[in-house]
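In: one predicted model, sequence on top.
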Amino acid sequence: MKKTILIVTERRADYSKFRPILKEIEKSHKLDYFLIVTGSHLLPEHGNSIKEIQSDGFTVAKKFQMYSKQKKDSAVEMSKSFGRCVIELSNIIEKLNPTIILSGFDIGSNLAVSVVGAHLNKIVAHVEGGEVTGTIDESIRHATTKFSHIHFTSNKTASKRLIKMGEKAKYVFTVGNPSLDYIKKIPKISQNILNKEFGINVRKPFVIVIQHTVTTEAEHGDKYMLQTIKAINEQKIQAIVILGNSDFGSQKIVNEIKKSNLKYFSTISFSKYINLLKHASAIIGNSSSGIMEAPFLGIPTINIGSRQSGRLASKSVIHVEHDKKAITKAITKVLNDKKFLSMIKRQKNEYGEGNASKKIIDILENIDLDTISIQKKIEY
């Protein structure tokens, strides 16, 4: 009898990492999946990205709205959306009765599914625990860890941190970042097609900008974004802005982007995004993609502010504050510093080699769930 794996995806950031895992589950003779879709995947202003999930051929078992009909950009709405996830997922998990819940990362719906799973006596596995970052993501990630029984980390540092947090060492597996698996298999899109669709010339220098809200600094989001916009305009470099997530404070950032003269897109498929990133001079902002995926491709990152603070980073990542001069200086470096650019091509990637999904599936196929105690206890 197959083990059934329940996965919840809320936004493009988690889907890009769950996608290769789902593909491996489809190949497995021992596993099957239930895919639940919610969050910004169902919002028109974020491109209704559930369409990408469906076009990838995955069966959506259930979908539900975690946001109110008139979504407000507020901390209260963000908190309420978590509560809706707990209620909806309680009903879904009770009905579907999966063998394992696979949660991920530092996202509200995935914390919710872990909490529900633990309360319903399900084995919970967590992808990408043990990392350090800024904003509320830090707390969400570690909270998810404490509701999880099996851990798939991106690097050895994260694994050691989980063991220090009291997790059982025998159930902590260092596998790497699953999104890198997908990157290795993405078909090449011609430069001419990219130029036409995105209105730029990828043969000339350009940057990709992804700047998310920092919920603990939400009141400053517009000012932060304006510093980035001013730096890009001062350098007169081509730019493509991809709108960030829908967390509290995001609307202030969106408003500044829309007032600027920069090209922006509410969402871009991961395949097109990676093809663009391969040609980019740098990724600018505070997305984890700049920490994990860009270094894997040998692309520089200008990481701004506190959102990724403390995360294991390659030498290709330049850390700066929300300051126009500092951002401008970093852009100059990624465009002109030949020694820096040469070093990037030789650097070691910190998040695996693009085989994490296969490792995760091998473990889930073969692990004896009867040996795992549902009742967790701290190990020290």
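Out: Now that the structure is in, tell me what you want to look at.
In: okay, residue 32 and residue 201: tell me how far apart.
Out: Look at residue 32 and residue 201: by CB to CB, to the nearest Å, they are 46 Å apart. Every residue, glycine included, has its C-beta placed from N, CA and C.
In: then residue 63?
Out: Distance check for residue 63 against residue 201: by CB to CB, it reads 39 Å.
In: for these two, indicate the residue with more neighbours.
Out: Neighbours were counted for residue 63 and for residue 201 using other CB atoms under 10 Å; residue 63 has more, 16 against 13.
In: surely the more buried one touches residue 42?
Out: Yes: the pair residue 63 and residue 42 passes the contact test of CB atoms under 8 Å, sitting 6.5 Å apart.
In: list the residues that contact both of the two?
Out: Counting by CB atoms under 8 Å, 6 or more residues apart in numbering, the residues touching both residue 63 and residue 42 are residue 50.
In: contacts only, for the residue nearest to residue 206 when sequence neighbours are not counted.
Out: Of all residues not flanking residue 206 in the chain, residue 238 sits nearest, at 3.6 Å (CB to CB, 6 or more residues apart in numbering). Shown in contact with residue 238 (CB under 8 Å, 6+ apart): 200-201, 204-207.
In: by neighbours, which of those residues wins?
Out: residue 207 (25 neighbours).
In: how about that one, what does it touch?
Out: By CB under 8 Å, 6+ apart, the contact list for residue 207 reads 232, 237-240, 280-284, 302, 331.
In: quickly list what it is bridged to.
Out: When bridges are assigned using DSSP bridges, the partners listed for residue 207 are residue 239, residue 282.
In: per-residue confidence at it?
Out: pLDDT recorded at residue 207 is 98.
In: starting from the top helix by length along the chain, tell me the next helix or strand along the chain.
Out: Identified as the longest helix of the chain according to DSSP state H is helix 75-96. Counting by DSSP states H and E, the next helix or strand C-terminal to helix 75-96 is strand 100-104.
In: contacts for that following strand?
Out: Residues from elsewhere that reach strand 100-104 (CB under 8 Å, 6+ apart): 3-8, 14, 17-18, 21, 93, 110-111, 113-114, 116-117, 122-128, 144, 148, 150, 364, 369.
In: so where do the strands sit in the stretch 1-150 of the chain?
Out: Ranges of strands in the stretch 1-150 of the chain, per DSSP state E, counting those that start in this stretch, are 3-9, 31-37, 60-63, 100-104, 123-127, 150-153.
In: now distance to residue 349 too, for the ones you listed, in a markdown table please.
Out: Below are these laid out as a markdown table (distance: least, CB to CB, whole Å):
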| stretch | distance to residue 349 |
| --- | --- |
| strand 3-9 | 25 |
| strand 31-37 | 28 |
| strand 60-63 | 32 |
| strand 100-104 | 20 |
| strand 123-127 | 18 |
| strand 150-153 | 15 |
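In: flag the shaky bits of the stretch 101-250 of the chain, pLDDT-wise.
Out: Flagging of the stretch 101-250 of the chain using pLDDT under 70 yields an empty set of residue ranges.
In: and the helices in it?
Out: 108-119, 137-146, 156-164, 179-185, 191-198, 221-235, 250-259 (DSSP state H, counting those that start in this stretch).
In: could you dump these to TSV with distance to residue 80 and mean neighbour count?
Out: Listed next are the helices of the stretch 101-250 of the chain as TSV, based on distance: least, CB to CB, whole Å; neighbours: other CB atoms under 10 Å:
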stretch	distance to residue 80	mean neighbour count
helix 108-119	11	25
helix 137-146	16	20
helix 156-164	30	17
helix 179-185	29	20
helix 191-198	36	14
helix 221-235	20	20
helix 250-259	16	19
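In: mind putting those in CSV, distance to residue 57 included?
Out: Shown next, in CSV, are these (distance: least, CB to CB, whole Å):
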stretch, distance to residue 57
helix 108-119, 22
helix 137-146, 28
helix 156-164, 31
helix 179-185, 14
helix 191-198, 22
helix 221-235, 36
helix 250-259, 30
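In: so which of those comes closest to residue 265?
Out: Closest to residue 265 of those, according to CB to CB: helix 191-198, at 7.8 Å.
In: show me what the closest one is packed against.
Out: helix 270-279 (3 or more CB pairs under 8 Å, 6 or more residues apart in numbering; DSSP states H and E).
In: against which helices or strands is the helix it packs on packed?
Out: helix 12-27, helix 179-185, helix 191-198, strand 206-210, helix 289-296.
In: off-centre distance for the helix or strand hosting residue 302?
Out: Here residue 302 sits within strand 301-304, counting by DSSP H and E. On the basis of CA atoms, centre = their mean, to the nearest Å, strand 301-304 sits 16 Å off its chain's mean C-alpha point.
In: who does it pair up with?
Out: Neighbouring strands of strand 301-304 in its sheet, by DSSP bridges, are strand 282-285 (parallel), strand 317-320 (parallel).
In: now do the end-to-end distance for stretch 38-50.
Out: With CA to CA, to the nearest Å applied, stretch 38-50 spans 9 Å between its terminal residues.
In: distance between that stretch and the chain's centre?
Out: Using CA atoms, centre = their mean, the offset of stretch 38-50 from its chain centre is 15 Å.
In: same question for it: list its buried residues.
Out: Residues 38-43, 46-47, 49-50 are the ones in stretch 38-50 that count as buried (16 or more other CB atoms under 10 Å).
In: do the same with stretch 300-314
Out: For stretch 300-314, a neighbour-count test (16+ other CB under 10 Å) marks 300-308, 311-314 as buried.
In: cool, stretch 261-269 as well?
Out: For stretch 261-269, the neighbour count (16+ other CB under 10 Å) marks 262, 267-269 as buried.
In: need the residues that contact that stretch.
Out: Stretch 261-269 has contacts (CB under 8 Å, 6+ apart) with 12, 45-47, 49, 52, 198-200, 209, 229, 232-233, 239-243, 257-258, 276.
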